[in-house]
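Student: 3D, please:
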Amino acid sequence: MLFRSKEETNEWCQTHDMPEGQVLTVGQVWELSRLWYRDRMLERFAGRTVEEAHQIFEQLGLNTPFWRFV
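Tutor: You can find the predicted model right below:
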């Protein structure tokens, strides 16, 4: 979801009784999508391992517990 400000994000979360999760800038979303999808159309692409996903997140400084999964 896109919001214009942190305040708008907080308001939406309160209105919908949802936790905030992780908030990224448009630039961060662009870089994440660029790295995440760069090789998706290659014939040899077979998905990502957890380690590969974590490496992409680390490259972007996304290293909070939100970005860790098993």
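Student: which secondary structure element contains the residue lying farthest from the centre of the chain?
Tutor: Computed with CA atoms, centre = their mean, the maximum C-alpha offset from the centroid of the chain is found at residue 43, amounting to 24.7 Å. Residue 43 belongs to no helix or strand when assigned by DSSP states H and E.
Student: Model confidence score at it, please.
Tutor: Note on residue 43: pLDDT of 94.
Student: Also residue 6?
Tutor: Residue 6 is given a pLDDT of 88.
Student: for residue 2, same thing?
Tutor: At residue 2, pLDDT is 87.
Student: how close does it get to residue 21?
Tutor: Distance from residue 2 to residue 21, counting by CB to CB, to the nearest Å: 14 Å. The way it works is simple: take the backbone N, C-alpha and C, and place the C-beta from them, glycine included.
Student: Looking at those two now, which is surrounded by more residues?
Tutor: More neighbours surround residue 21 than the other of residue 2 and residue 21, with 10 against 7 (other CB atoms under 10 Å).
Student: what's the neighbour count on the nearest residue to residue 68 once chain neighbours are set aside?
Tutor: Nearest non-adjacent residue to residue 68, counting by CB to CB, 6 or more residues apart in numbering: residue 54, 6.9 Å away. Number of residues near residue 54 (other CB under 10 Å) recorded here: 16.
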